[in-house]
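A.B. asks: Please work out how this folds:
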Amino acid sequence: MMRGPLARFARPTEVPVEEKPTPDGNDKEIGVVDNQNHHSDAETDSDAVDSNAQAGVRKIEATTKVWSKSHLILAYALIWVIYFVDSMQSGMSSLLTPYVTSAFALHSLTATTSVMSGIFGGVSKLTLAKILDIWGRPQGFLIVVLLMTLGLVMMAACNNVETYAAAQVFYWVGYNGLSYSLSVFIADTSHLKNRALMLAFISSPYIITVWITSPVAQSVLGGIGWRWGFGIFSIITPIMCLPLFFLFTWNYSKAKKAGLIVDVPSNRTTWESIKYYFWEFDVICLILVSGGFALFLLPFNIYSYQYYGWRDPLTICLIIFGGLLLIGSVVWEKWFAPVKFMPWELLMDRTVLGACILSAVLFVEYYIWTAYFTSFLQVVLNLNVTQTGYISNIYSLGSCFFSFIAGFAIRWTGRFKWTTLYFGVPVTILSIGLLIHFRQPGTHLGWIIMCEILYSFAGGASVIGEQMAVMAAAAHQHVAVVLAMEGMFSSVGGAIGSTIAAAIWTGLFPKALAKYLPAESQGDLATIYSSLTAQLSYPVGSATRDAIVAAYGDALKWMFVAATAITGLGLVATAVWRDIKVKDFKQVKGTVI
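C.D. replies: Predicted structure coming up:
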């Protein structure tokens, strides 16, 4: 029995060859036919390709009807390998970023470099969702692999922090897009009741890579340098990703040969195709959303570099125009967009919207308190890069481990809301709140590790819960776009978190340094503020190092306070979910897990 929006947006299952008109009424799209010779009438009714879904959805449904279980298993194995390589690279990148920004004497911009990449990484998922639905899953996957590789090449070759920030945009658009496209593939090829377990499975490489990334980063910094650290992965990444693309393409061709997919010429002229895709991809909304978030969030990171700070005309104008663009995007999407990313009613569904808000809240709080946390571990607790990596990777290890427990619990009970409402969010608040006290200089490392473990378990339950919520509240043809919306909220939430962290850091840390530094080090204040290497150069126990440690304590305290307060919104967002039972309906078709 389908509940809520699933019943409203379910489509009929007849499968004639379709000639789908575009807005101007003259064009034709790919049609899909069901080879009914291989199915009984009853089976065809329940497992037929949805003729009213978009072309990319019809293609994947046709593909899953012809591929073998061995190919399905191989696809999941390749996905696991891709996640293994990418998790190792992203973990190493987070450890190298402070050294990259310090190399250009701009350590204070450590959080800022992730703001623009977070914004575009999130908003780009809306475009990618359209590519996956209109053109197909393999095409979208190949595009994000190329973008990710380009970002790695640019990071390896950058000569200033601006180029590095631009490289981060390409990299995180590709990285987030890769993770997103694989999540859509999981949704395409798994029953809803097993989906939490499959999402946990593809995240399991993090359990291994947490032990690898730190030694790799330490070795890179002490040997070949951070440039070659990025350069090596720019070679490895496409090599690991292309086999999955070819597996996708092979089975798509197999579906065409079986007669399940029929190409019908669109008969569009070049100009008609430009107009068609302009409206299909909702380009105006994309410009308004990405531009609005960029203009609104950027001043919080750069205000300290402006002559008048918050009162500077540039700062004020960016905030005002950014806010107006965001309001304009809502107005456009609600009343004027001829083709919307998803039905407005589905976005306003309390389960979908609540899950999206929760994803944003979790990323806001995470990026607030982790922005300068690795620097804190090295400067305040005097840990080396390897030890710092182990501590900062506790979240990846614990959340991936606990996501299996959450997945089994969801499969056993058939429900997902309780795992997030009664465990995930409350324990997240508890663990961050404890860190307000235990992050103080002089604290024992064991207390921080305890809080990290609690936080990681809560994160595993929360992330699985939010993803299950958006997928359970939508029909298969809308899964890609609701996951894109959830991903956009997550990425923008991360950008907002980085923005808040940068604002707190630039507002408090230099003032605290000026207050605590001894007279003989006051002349070096700018250098100490801008470089992690300079901070670490002062011996432990010296007056200058003690002053730096005290300044870290003042700045990080308010980061943890802000993160704890914001996470309280997650309880409200989760409470409004419907308690959907995922055992009771079939969402996907063909050979699936």
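
A.B. asks: Count the residues that sit near Tyr307.
C.D. replies: Using other Cβ atoms under 10 Å, Tyr307 has 8 neighbouring residues. The way it works is simple: take the backbone N, C-alpha and C, and place the C-beta from them, glycine included.

A.B. asks: ok, now Gly291?
C.D. replies: Gly291: 18 neighbours (other Cβ under 10 Å).

A.B. asks: any idea which element it lies in?
C.D. replies: helix 283-302 (DSSP states H and E).

A.B. asks: So for the next helix or strand after that helix, what gets flagged as buried?
C.D. replies: For helix 283-302, the succeeding helix or strand toward the C-terminus, using DSSP H and E, is helix 313-331. Residues of helix 313-331 classed as buried by neighbour count (16 or more other Cβ atoms under 10 Å): 315, 318-319, 322, 325-326, 328-329.

A.B. asks: Just the closest of those to Ala360, please.
C.D. replies: Leu326 (13.7 Å; Cβ to Cβ).

A.B. asks: Tell me how far the closest one lies from Pro138.
C.D. replies: 33 Å (Cβ to Cβ, to the nearest Å).

A.B. asks: Look at the closest residue to Val427 other than its chain neighbours and say how many residues are nearby.
C.D. replies: In space, Val427 comes closest to Ala458 once its chain neighbours are excluded; the distance is 3.7 Å by Cβ to Cβ, 6 or more residues apart in numbering. Around Ala458 there are 27 other residues, counting by other Cβ under 10 Å.

A.B. asks: Could you list every helix and strand in contact with the strand or helix carrying Ala458?
C.D. replies: With elements taken from DSSP H and E, the one containing Ala458 is helix 445-472. Counting contacts by 3 or more Cβ pairs under 8 Å, 6 or more residues apart in numbering; DSSP states H and E, helix 445-472 is packed against helix 192-203, helix 350-370, helix 385-392, helix 394-413, helix 417-419, helix 425-438, helix 476-516.

A.B. asks: which parts of that helix are buried?
C.D. replies: 448, 450-472.

A.B. asks: cool, and stretch 242-257?
C.D. replies: So for stretch 242-257, counting by 16+ other Cβ under 10 Å, buried means 244-245, 247-249, 251-252, 254-256.

A.B. asks: contact partners of that stretch?
C.D. replies: Contacts with stretch 242-257, where a contact means Cβ atoms under 8 Å, 6 or more residues apart in numbering, come from 59, 62-63, 65-67, 71, 74-75, 78-79, 82, 136-138, 141-142, 145, 261, 263.

A.B. asks: rerun that using 6 Å as the cut-off
C.D. replies: For stretch 242-257, contacts defined as Cβ atoms under 6 Å, 6 or more residues apart in numbering pick out 62-63, 66-67, 75, 78, 138, 141-142, 261.

A.B. asks: quick one, which of the helices and strands packed on helix 445-472 is nearest to Phe233?
C.D. replies: That would be, of those and by Cβ to Cβ, helix 385-392, which comes in at 16.2 Å.

A.B. asks: The closest one vs helix 445-472, what angle?
C.D. replies: Orientation check (axes from the mean of the first three to the mean of the last three Cα atoms, to 10 degrees): helix 385-392 against helix 445-472 gives 50 degrees.

A.B. asks: Helix 385-392: which residues count as buried?
C.D. replies: Residues 385, 387-392 are the ones in helix 385-392 that count as buried (16+ other Cβ under 10 Å).

A.B. asks: what's the distance between Met127 and Leu325?
C.D. replies: Slight slip there: residue 127 is Thr, not Met. Distance from Thr127 to Leu325, by Cβ to Cβ: 17 Å.

A.B. asks: Lovely, talk soon.
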